[in-house]
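Asks: 3D model of this:
(one chain, ligands or ions: 1)
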Amino acid sequence: MKNNLSDLAICGGPPAFNETLHVGRPNIGDREQLLQSFQQILDNRWLTNNGPFVQEFEKKAASFLGVNHCIAMCNATIALEIVIRGLGLTGEVIIPSFTFIATAHSLQWQEISPVFCDIDPATHNMDPQKIEDLITPRTTGIIGVHLWGRPCDIEAILEIANRRNLKLIFDAAHAFGCSYKGQMIGNFGKAEVFSFHATKFINAFEGGMVATNNDTLAAKLRLMKNFGFAGYDNVVHIGTNGKMNEMCAAMGIASLAGMDAIVEANRQNYRQYETELSGLPGVSLIHYDESEKNNYQYIVLEIDEHLAGISRDHLMATLHAENIFARRYFYPGCHRMEPYRSYFPHSGLLLSETEKLTEKILILPTGTAISMADVKTICRIIRLAVDHGETIKSILESQK
Ligand SMILES: Cc1ncc(COP(=O)(O)O)c(C=O)c1O
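Replies: Residues are numbered from 1 along each chain as shown. Model prediction:
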């Protein structure tokens, strides 16, 4: 247990953990079930191309979400690209800058300009009040992002999209298992896209899924993810290879089967963090709306340097020295990374809340790989760091 400043690794103490604790360390479901599925796949000699495991994964996800169509794909980035193209988006599409870079890349990859909208600092999601000013004659759509699994203001954004005749889709990479006004995410807009990347709440090693209630769009996306093939020797649409393979689907099915246990582990970690950090000045944990379904996959801290007496970056360096690999998602914001920084050098002028928030956010480890004792140790270190912010600052600055 670390009790004094001198116990901290940046002051020469031994690191709190021998093995690095990662944000988003994969949850492994029922190993036996998974290995059996792998045997079955090999026996089937049906490794990809809409095999039985992909079909089962899609059916189970659709039934869980209460949505008409779930279309499994190789990852969420390709799934976003296919949806964007399937809907015929062109010109400019409005998205938040405070998101993973894939949201922007899925547009720019097709030479569609992402137009970055500022966020509401209270929710970290796109601020609907700032959308309309960004609409130009070239705007064709909006991509809302449910950051940290907390739904963006769907109703307000939908109202704007409908009134201005824009197509609305959602990057729901973080939001599998979450609800908005009692309805599961997956049911909103023209389509919503989930990620099943290894670090995500439900994982398929790599994977993505489009959920939609639109039959025509679903049929089109199924063609597009399979090169546009409508049957043997018959290509009817431009397409690409967005297919999920059978091994990934088996992992996704096992992950779905273990979902309740993952949520429970995440929820308990979240509660523990909440308890251990309560009352700590300048350090606040984001809230999840308890009247909705949440996956609690992200432990998101906001560090107010003036109140905490330590900056987010110094706190992060302190944790890294202890082998706690906290992350500053999604620093510095898409608009300050290439190619967007060069394409839109002045976009930051309209993104003041985004720029402020990217200096404050720190994501901590959670999931089934983290124990309550780990959470306590992490929080103890955070408390020590806050108590000794000035000294830590001088130590870290002297090491530069
Ligand atoms: C918000 C967001 N959108 C899109 C993606 C891309 O997902 P994938 O890795 O499955 O392509 C991710 C994460 O990886 C993400 O966090």
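
Asks: all contacts plus neighbour counts: C-alpha atoms, from now on.
Replies: Will do.

Asks: would you list every one of the helices in the stretch 1-150 of the chain?
Replies: 31-44, 52-65, 76-86, 101-108 (DSSP state H, counting those that start in this stretch).

Asks: ok, the last one near the ligand or not?
Replies: Yes - for helix 101-108, a contact with the ligand is found by C-alpha under 6 Å from any ligand atom, at 102-103.

Asks: ok now that helix, how far from the chain's centre?
Replies: A distance of 14 Å separates the C-alpha centroid of helix 101-108 from that of its chain, computed with C-alpha atoms, centre = their mean, to the nearest Å.

Asks: which parts of this protein sit against the ligand?
Replies: Listed as neighbours of the ligand in the chain under the rule C-alpha under 6 Å from any ligand atom: 75-77, 99-100, 102-103, 171, 173, 195-197, 207-208.

Asks: for those, which one is nearest residue 51?
Replies: The shortest distance between residue 51 and any of these, using C-alpha to C-alpha, involves residue 207 and amounts to 14.9 Å.

Asks: Leaving out chain neighbours, which residue sits closest to the closest one?
Replies: residue 75 (3.9 Å; C-alpha to C-alpha, 6 or more residues apart in numbering).

Asks: Does the one you found touch residue 206 like I think?
Replies: Yes - applying C-alpha atoms under 8 Å, one finds residue 75 in contact with residue 206, separated by 5.7 Å.

Asks: Need the max-distance pair from the residues of the chain next to the ligand.
Replies: Of all the pairs that the residues of the chain next to the ligand form, the one spanning the most space (C-alpha to C-alpha) is 99 and 207, at 18.4 Å.

Asks: Between these two, which is the more surrounded one?
Replies: The neighbour comparison of residue 99 against residue 207 (other C-alpha atoms under 10 Å) goes to residue 207, with 29 against 25.

Asks: Any figure for the gap between that one and residue 247?
Replies: For residue 207, the distance to residue 247 equals 11 Å [C-alpha to C-alpha, to the nearest Å].

Asks: what's around residue 114, how many residues?
Replies: 27.

Asks: coming back round to it: out of the residues of the chain next to the ligand, which is nearest to residue 158?
Replies: Closest approach between the residues of the chain next to the ligand and residue 158, by C-alpha to C-alpha: residue 171, at 14.2 Å.

Asks: Where does the stretch 151-300 of the chain get nearest to the ligand, residue-wise?
Replies: residue 195 (4.1 Å; C-alpha to the nearest ligand atom).

Asks: so residue 341, which of the three states?
Replies: Judged by DSSP: H, G, I helix; E, B strand; the rest coil, the three-state class of residue 341 is helix.

Asks: hang on, the earlier thing: including mean neighbour count and mean pLDDT, could the helices of the stretch 1-150 of the chain go into a markdown table?
Replies: Listed next are the helices of the stretch 1-150 of the chain as a markdown table, based on neighbours: other C-alpha atoms under 10 Å; pLDDT from 0 to 100:
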| stretch | mean neighbour count | mean pLDDT |
| --- | --- | --- |
| helix 31-44 | 14 | 96 |
| helix 52-65 | 19 | 98 |
| helix 76-86 | 24 | 98 |
| helix 101-108 | 21 | 98 |
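
Asks: Put together TSV for those helices, with distance to residue 21 on each row.
Replies: Shown next, in TSV, are the helices of the stretch 1-150 of the chain (distance: least, C-alpha to C-alpha, whole Å):
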stretch	distance to residue 21
helix 31-44	21
helix 52-65	30
helix 76-86	25
helix 101-108	24
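
Asks: Between the ones you listed, which one is closest to residue 11.
Replies: Of the helices of the stretch 1-150 of the chain, nearest to residue 11 by C-alpha to C-alpha is helix 101-108, at 35.2 Å.

Asks: Next one, pLDDT for residue 7 please.
Replies: Turning to residue 7, the model gives it a pLDDT of 94.

Asks: just the one 10 residues further on next, same as before
Replies: The predicted structure scores residue 17 at 96 on the pLDDT scale.

Asks: measure it to the ligand for me?
Replies: In this structure, residue 17 lies at 26 Å from the ligand, with C-alpha to the nearest ligand atom, to the nearest Å as the measure.

Asks: Now the spatially closest residue to that residue that is not a sequence neighbour: phi and psi?
Replies: Nearest residue to residue 17 in three dimensions, chain neighbours excluded: residue 323, at 5.7 Å (C-alpha to C-alpha, 6+ apart). Dihedral angles of residue 323 (phi, psi; degrees, to the nearest 10) stand at phi 70, psi 30.

Asks: Settle this for me: residue 323 is touching residue 15, isn't it.
Replies: Yes - here residue 323 lies in contact with residue 15, judged by C-alpha under 8 Å, at a distance of 6.4 Å.

Asks: what about the strands in the stretch 151-300 of the chain?
Replies: Here the stretch 151-300 of the chain has its strands, by DSSP state E, counting those that start in this stretch, at 167-171, 179-180, 183-184, 191-195, 208-212, 229-231, 234-235, 283-285, 299-303.

Asks: Put together JSON lines for the ones you listed, with mean neighbour count and mean pLDDT on each row.
Replies: Supplementary listing: the strands of the stretch 151-300 of the chain in JSON lines, determined by neighbours: other C-alpha under 10 Å; pLDDT from 0 to 100:
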{"stretch": "strand 167-171", "mean neighbour count": "25", "mean pLDDT": "98"}
{"stretch": "strand 179-180", "mean neighbour count": "22", "mean pLDDT": "98"}
{"stretch": "strand 183-184", "mean neighbour count": "16", "mean pLDDT": "98"}
{"stretch": "strand 191-195", "mean neighbour count": "29", "mean pLDDT": "98"}
{"stretch": "strand 208-212", "mean neighbour count": "28", "mean pLDDT": "98"}
{"stretch": "strand 229-231", "mean neighbour count": "14", "mean pLDDT": "94"}
{"stretch": "strand 234-235", "mean neighbour count": "12", "mean pLDDT": "96"}
{"stretch": "strand 283-285", "mean neighbour count": "20", "mean pLDDT": "98"}
{"stretch": "strand 299-303", "mean neighbour count": "22", "mean pLDDT": "98"}
